Structure formats: C-alpha cells, structure tokens
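Q: Fold the following, please.
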Amino acid sequence: MLNEFMISAVVPTKNRSHDLLEFIDSLVIQNFLPYELIVVDQSDKSHFIQIQKKLASINISLNYFHRTDISSLVQAKSFAVSVAKGNYICFLEDDIVLDSNYFSALIEGFKHEKKMIGCCGRI
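A: Residues are numbered from 1 along each chain as shown. Prediction:
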C-alpha cells in the first residue's frame, strides 16, 4: 500500500521563512509522511540549511529549489510538477499547520473514492 500512495508534497514560498519552518514542524509529526517534499523558494535568499536541519531526522526526501527567476505561484507549481517523483501531488501553502493525520486522511479519501482524481479544502 505504501508504494501505491507516493505523495509529492509541494510548497512554493517567497520571503516567509518563519511560516515555512512552522509548516515543516507540522510535517515532521505526520503519522504518514509524504514520499518527498518539494520546496520552490522564490525568496531573496536561500533557506535550505534551516529546512534541511528540520528534516534531517525523518525519512523524507527534500527537493529544494531556490529559484528567484520564478515570479509567480503558478510558475512555481508548474516547475514542481515537472520534477515531482510521486504518483500523487499535494499542493500546500507555506503558512499552514497540518493536523498530524493530514496525509493519512488524504490517502483514506483516495482509497474510499477510487475514481477521485483530485481534492481541495478540508479533509
């Protein structure tokens, strides 16, 4: 079942490192971790070291891209899709705090509704 739900979690961000680090705090306590975290950072300076330290203790692949040439949320998401390795892509905001069962609930939704190809909003 685990390989069936390889989730690429995508987080575009720009100049909100504090919010992003709080998001990552909520990510590391998930009862089901995504396959990979893709951060497309459009900030003035890279926050890779801070993010890498937060994720060092868990089993999740970090794909961090510091791309000041990307100028919009749509471009950041499009870029992330082009590098994602998971078979599901979950777009998240950098200023959210996830419940500890967020990804488990997401998977349950896809298992329950076999024809569902996407979802949004509260799970």
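
Q: C-alpha from now on. contacts and neighbour counts both.
A: Fine.

Q: helices or strands next to the least confident helix or strand in the chain by mean pLDDT in the packing?
A: Here the helix or strand of the chain ranked lowest by mean pLDDT, DSSP states H and E is helix 48-55, holding a mean of 85. Packing partners of helix 48-55 (3 or more C-alpha pairs under 8 Å, 6 or more residues apart in numbering; DSSP states H and E): helix 17-27, strand 61-66.

Q: Pull out the buried residues from the first one.
A: Think helix 17-27. 17, 19-21, 23-25, 27 (16 or more other C-alpha atoms under 10 Å).

Q: remind me which residues of this protein are low pLDDT?
A: 1-3, 119-123 (pLDDT under 70).

Q: What segments of it are helices?
A: Secondary structure of the chain, counting by DSSP state H: helices at 17-27, 48-55, 73-83, 102-112.

Q: Including distance to residue 90, could the ones you listed go into a markdown table?
A: A markdown table is the format used below for these (distance: least, C-alpha to C-alpha, whole Å):
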| stretch | distance to residue 90 |
| --- | --- |
| helix 17-27 | 13 |
| helix 48-55 | 18 |
| helix 73-83 | 10 |
| helix 102-112 | 9 |
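
Q: that older thread, chain center to the least confident helix or strand of the chain, what's the gap?
A: 14 Å (C-alpha atoms, centre = their mean, to the nearest Å).
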